[in-house]
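Asker: build me a structure from this.
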Amino acid sequence: MPPDDQNLQTVHTDLLIIGAGPTGLFSAYYAGFRGMSVAVVDSLPELGGQITAMYPEKAILDVAGFPTVKGRELVAGLVAQADTADPTYLLGRTASHLVEHDDGVTVSLDDGTDVHAKAMLITAGIGKFSPRQLPVGDAWLGRGLEFFVPTFEPYVGKDVVVVGGGDSAFDWAIHLEPVASSVTLVHRRAAFRAHERSVDQVRSSSADIVTEAQVTGMFGDQWLEEVELTIGDDVTRRPAQAVVAALGFIADLGAFKDWGLELEKRHVVVDSSMRTNLPRVFAAGDITEYPGKVRLIAVGFGEAATAVNNAAVAINPDAHVFPGHSSEKS
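Answerer: Next comes the predicted model:
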């Protein structure tokens, strides 16, 4: 992944993109195609948004041209495509304050960086999201407890406990089972939220599923060695050098709620040009709302192109919304 420049305190750019998921990355590429300079902000430390954080190994089936593509492979392709725009990445930072100008916006980040942009595009998905905590895991983060599984290599040969009953928990159990010494999936209820096919796949594997149970203790010296499971009235321990807490995420629109954007529930209202109610501020992807909205990665790509093309005209009124086909410029 491209490094972000921690020394930047003031950034000047044509287009500021908030959100480095698939829609944001494609927006960065398209901004470069339109001749714009571009900066991309994301609260996560890596590119790829929810896909990198939650579904790096999951097969994605609804991206045009790919019968199936793993999440990490899709992100890698989008990053390579975005690199043609030479974007400035400001990762691990959160947008906090917005000041509007006649010729653009200034967005302040939580590390003190100010970004001056001629237009802004919000592609923040569900907003800033943080993992739901495992009550007994506070002291173990980074010492055996993780919320994300960006790569499976650290789990080779380990006893792994996955906590949760949703798609992420089962996806990780499926992919960790071939490399780990053992996989135990622990869920506090007997029913699961995950797709039935995923549940069946874990049941037919060597993974152990323990329901109506909770992880109530974590033990070890410097690194995790055992977990305590409470199953009804029974308390038992089992070896575990790694715990993956897949308990879901808490989404927060954060500062967007204070910027004067028109919101509908948890989404930003846009028109057919992807304009928000604020001048020179556009939005695309899952965060948007309009009649007939469908939240798919494929839809976000189209909205990104629409937003960037209209932002180009907002920045330069002499520009055209339709720039011609990319194949004509190669």
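
Asker: for the nearest residue to Leu74 once chain neighbours are set aside, give me the pLDDT.
Answerer: With Cβ to Cβ, 6 or more residues apart in numbering as the criterion, Leu74 has its nearest non-adjacent residue at 5.9 Å, and that residue is Ile60. Where C-beta positions appear, they are placed from N, C-alpha and C, glycine not excepted. Looking at Ile60, its pLDDT stands at 89.

Asker: now do Phe147
Answerer: So Phe147 comes in at 88 (pLDDT).

Asker: quick one: contacts for it?
Answerer: Contact analysis of Phe147 by Cβ atoms under 8 Å, 6 or more residues apart in numbering lists Pro131, Val244, Ala245, Ala246.

Asker: could you check how far the first one is from His187?
Answerer: Applying Cβ to Cβ, to the nearest Å, one obtains 16 Å for the distance of Pro131 from His187.

Asker: so those two - more neighbours on which side?
Answerer: Legend: neighbour count by other Cβ atoms under 10 Å for Pro131 and His187, higher for His187 (24 against 17).

Asker: my guess is that one meets Val215, correct?
Answerer: No: His187 lies out of contact with Val215 (Cβ atoms under 8 Å); the separation is 10.5 Å.

Asker: dihedrals phi and psi, the closest residue to Asp86 other than its chain neighbours?
Answerer: The shortest distance from Asp86 to any non-neighbouring residue, by Cβ to Cβ, 6+ apart, is to Gly32 (7.0 Å). The phi/psi pair for Gly32 (degrees, to the nearest 10) reads phi -60, psi -40.

Asker: quick check: Gly32 touching Pro87?
Answerer: Yes: counting by Cβ under 8 Å, Pro87 is a contact partner of Gly32 at 7.5 Å.

Asker: what's the overlap in contacts for those two?
Answerer: In contact with both Gly32 and Pro87: Val38, using Cβ under 8 Å, 6+ apart.

Asker: give me the more crowded residue out of the two.
Answerer: With neighbours defined as other Cβ under 10 Å, Gly32 and Pro87 compare such that Pro87 has more, 26 against 21.

Asker: what's the spacing between that one and Val41?
Answerer: 11 Å.

Asker: now do Ala242
Answerer: 31 Å.

Asker: and those two? which has more neighbours close in?
Answerer: Legend: neighbour count by other Cβ under 10 Å for Ala242 and Val41, higher for Val41 (26 against 21).

Asker: which elements pack onto the one helix or strand the more buried one maps to?
Answerer: Following DSSP states H and E, the helix or strand that holds Val41 is strand 38-42. Applying 3 or more Cβ pairs under 8 Å, 6 or more residues apart in numbering; DSSP states H and E, we find strand 38-42 packed against strand 10-18, helix 22-33, strand 88-91, strand 114-122.
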